[in-house]
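In: okay, sequence plus prediction incoming.
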Amino acid sequence: MASIRKEFIVDATPDEVWDVLGDYGAVHERLAPGFVTDTQLSSDTRTVTFADGTIVHERLVDLDHDNRRVAYTVVGGSLHPSHHHAWMQALPEPGGRTRFVWHTDVLPDTLAPPITEFVEHGSTVMREALETAAATRTGPVVTSP
């Protein structure tokens, strides 16, 4: 099984990041605008349309407000994994910043390269969107040396 893990630091507080990350049905508007062009929510499943035309149906596994963690699994769409489980989490870092962790397990292994590309590109877009949202609400984050 392939495991893909991406971590990056966001100049925003964990609560600010969670406010966006925990909004499960608004990925295209808040978390990854431009990278994701549409998100439709129906019960516990969202249909996510990516800018390249890829469409995935993701079932919500867990939305953990206390730990600022969302977990989901792909259950249909353009990709056809035999197994897919992913989670994203906002963890506190010194200076009021956030460590964003995105972990995906997928089978077959042949899906790892395209999913890795999605994760790399998506992470860049998400970091920018999260920092922009936080700066708009509170002004720039001041970090300690």
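Out: On my side now, so go ahead. Residues are numbered from 1 along each chain as shown.

In: buried residues, the longest helix anywhere in the chain. List them.
Out: When secondary structure is assigned using DSSP state H, the longest helix within the chain turns out to be helix 112-138. Judged by neighbour count using 16 or more other CB atoms under 10 Å, the buried positions of helix 112-138 are 112, 115-116, 118-119, 122-123, 125-127, 129-131, 133-134. Glycine gets a C-beta too; all of them are placed from N, C-alpha and C.

In: which residue packs closest to the residue positioned nearest the centre of the chain, ignoring adjacent ones?
Out: Nearest residue to the geometric centre of the chain (CA atoms, centre = their mean): residue 88, 5.6 Å. Across the structure, with CB to CB, 6 or more residues apart in numbering as the measure, the residue nearest residue 88 apart from its sequence neighbours is residue 102 (4.9 Å).

In: so who does the one you found touch?
Out: 5-7, 86-88, 119, 122-123 (CB atoms under 8 Å, 6 or more residues apart in numbering).

In: can I get the residues you listed in CSV including pLDDT and distance to residue 23?
Out: Compiled in CSV, the contacts of residue 102 are given as follows (pLDDT from 0 to 100; distance: CB to CB, whole Å):
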residue, pLDDT, distance to residue 23
5, 98, 23
6, 98, 20
7, 98, 21
86, 98, 17
87, 98, 16
88, 98, 12
119, 96, 20
122, 96, 16
123, 97, 18
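
In: roughly how far apart are the closest residue to residue 35 other than its chain neighbours and residue 6?
Out: Closest residue to residue 35 in three dimensions, ignoring its sequence neighbours and counting by CB to CB, 6+ apart: residue 125, at 4.1 Å. For residue 125, the distance to residue 6 under the criterion CB to CB, to the nearest Å works out to 12 Å.
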